[in-house]
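Undergrad: Provided below for reference: sequence and predicted model.
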Amino acid sequence: MPKAELADETLAAVVAAAGLEVPDSREAWEWRLQCALPWPVYDGYRQRRDECFAAAKDANDVVRVAAAEDQFFAFAGAHPNLCRLFAAGRLGYYAAVLPKVAARLRRAPPARILDLGSFAGVTTLYLGAAFPNSQVVGVERHPGAVAVAEAARARSGLGNVSFACADFTAFDDGAFDAVVSLQAMPAYLIPWLPSERPEDYSRGAHLEAAMGLPAAPVQAVARAVAAVRRLMASGGRAVLHERAAGLPRALLFQHLLARAGLNVTDRCWADWYSVSQRDVVQSFPLIEATAVDGPVPSYEPAMTALYALAGWPDLTGLPVSCGVTFSGFHAHAAFAALPGPRDEMCLRAGLPDGRRLHGYFGVAGGNWAYVYRCDTHDERMMTVGARGITPALFRAGLDELGRLSAAGQLASCDPPLDKFRYHLGKRFKV
């Protein structure tokens, strides 16, 4: 990891106090692990790491994922050198996320801060240094990791930081003005659920059915969120960076926050590269939420407001032969922002894997031609451009549907694809 990633002076001071060495690369970090650890410890680390990676490949086997991660962190916390080296491998993560966490807390510096899952104490010490007038408590379930964190605190000289070997239940209601959780909640247990309609993101009855099962994995996330709300004083804030990968899980996580009385006020995406984890760039949403005593707005309108494009995209000057393509939520927001009146036709299809797909072909405001494709797996794609591209745009959309049909990917079409193609051409003269 480049030294520049520790340009944050507060983090650099914490790293020095914790006795962590910044790795230059994954290879250098792995070599340090092999040299610094006895072989049985290094071998045990590799076995548990590989089990975490193997479990993560099957996102549906959430029980295995949770068990593998718990065993990994218990093992890492039990060996001080491994605990410190693992924390050093996550410095890329801390460098990317901690400044964003501090920026949100500085808007109204809290008097009492709880850091959930403090492990080796890097986050807790960072918050203690960034907010010297605040009392910061780090809570961690593994005693070996707490001992490593306590040693780092002693070297740092921070008198406003303390650590507790405990869990959510160790603190009184409303004990903290702010709660910070960086991948401490089991957000990966949030199930994948289809949307009720291809055009929107509402899970509605699907989510209520999952929440109604006492043994459902999502209940563990709901309990963690409820505990965070219980620990927060009225008007307190939570800053959460959890493994709610993908928009479907992010939506459901926000819904769980709303159910617990936490109103999301800000979110951004935090990308990082961590040498101790998968050798790729990762990204999860960083969420700030406020504890409220009354009802929280429905999660879907709130999510829409946070994700929405800032007005209709400016397409002026775009060559008449070109279009602009949006994907994901931007496609959803762009379709919703199309000017009226609209003249469109819709093809509805069922897919072999149970998805429902809708394809919209139309002209908006008399000036813009568009093709919007969406399904209940939250896959969305929209292309829009000047009306002059209508023939080419519609043909490309129909050709793609034709390829899906030829490959047996369209189990049913309403109306049939050939009939839809005929009437579309007749209506729009293409």
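TA: Now that the structure is in, tell me what you want to look at.
Undergrad: contacts, neighbours, all on C-alpha from now
TA: Noted.
Undergrad: following the helix or strand where Ser181 lies, which helix or strand comes up?
TA: Under the criterion of DSSP states H and E, Ser181 resides in strand 176-182. Remark: after strand 176-182, the chain's next helix or strand is helix 204-211, criterion DSSP H and E.
Undergrad: Can you name the next helix or strand after that next one?
TA: helix 218-231.
Undergrad: And that next one, what's buried?
TA: Neighbour-count burial for helix 218-231 flags 218-222, 224-231 (criterion: 16 or more other C-alpha atoms under 10 Å).
Undergrad: swap in stretch 342-361?
TA: In stretch 342-361, counting by 16+ other C-alpha under 10 Å, buried: 344-351, 355-361.
Undergrad: quick one: terminal-to-terminal distance for that stretch?
TA: Across stretch 342-361, the terminal residues are separated by 10 Å (C-alpha to C-alpha, to the nearest Å).
Undergrad: Contacts for it, please.
TA: 194, 197-199, 362-366, 369-377, 394, 409-415, 417, 420, 424 (C-alpha atoms under 8 Å, 6 or more residues apart in numbering).
Undergrad: one step back: nearest to Phe171 among the buried residues of stretch 342-361?
TA: Here the nearest of the buried residues of stretch 342-361 to Phe171, counting by C-alpha to C-alpha, is Arg355; it sits at 44.7 Å.
Undergrad: For the protein, which residue occupies the most central location?
TA: Nearest residue to the geometric centre of the chain (C-alpha atoms, centre = their mean): Phe284, 3.2 Å.
Undergrad: Would you double-check that that residue falls in a strand?
TA: Yes - the assignment for Phe284 is a strand, going by DSSP: H, G, I helix; E, B strand; the rest coil.
Undergrad: and it, what does it touch?
TA: Here Phe284 is in contact with His241, Glu242, Arg243, Ala244, Ala245, Gly246, Trp269, Ala270, Asp271 (C-alpha under 8 Å, 6+ apart).
Undergrad: if I look at the fourth one, how far off is Gln254?
TA: Same thing as Ala244. 10 Å.
Undergrad: Repeat that for the second one.
TA: As judged by C-alpha to C-alpha, Glu242 and Gln254 stand 11 Å apart.
Undergrad: Also Cys83?
TA: Distance of Cys83 to Gln254, given as C-alpha to C-alpha: 32 Å.
Undergrad: what's the least confident helix or strand in the protein, going by average pLDDT?
TA: Using mean pLDDT, DSSP states H and E, helix 299-307 stands out as the lowest-scoring helix or strand of the chain, at a mean of 59.
Undergrad: which is the next helix or strand following it?
TA: Next helix or strand after helix 299-307 toward the C-terminus (DSSP H and E): strand 323-327.
Undergrad: distance of Val15 from Cys268?
TA: Val15 sits at a distance of 25 Å from Cys268 (criterion: C-alpha to C-alpha).
Undergrad: Same check on Val41?
TA: For Val41, the distance to Cys268 - C-alpha to C-alpha - is 38 Å.
Undergrad: Mind checking which of those two has more residues around it?
TA: Taking neighbours as other C-alpha atoms under 10 Å, Val41 and Cys268 compare with Val41 leading, 18 against 14.
Undergrad: Next up, the contacts around the more buried one.
TA: Each residue near Val41 by C-alpha under 8 Å, 6+ apart is listed here: His79.
Undergrad: which element is it on?
TA: Per DSSP H and E: helix 39-56 holds Val41.
Undergrad: Identify each buried residue in stretch 100-120, please.
TA: For stretch 100-120, by 16+ other C-alpha under 10 Å, it's 101-102, 104-105, 109-110, 112-120.
Undergrad: My error: substitute stretch 154-166 in the last question.
TA: Going by neighbour count (16+ other C-alpha under 10 Å), the buried part of stretch 154-166 is Ser156, Asn160, Val161, Ser162, Phe163, Ala164, Cys165, Ala166.
Undergrad: and the two most separated of the residues you listed?
TA: The most widely separated members of those, counting by C-alpha to C-alpha, are Ser156 and Ala166 (22.5 Å).
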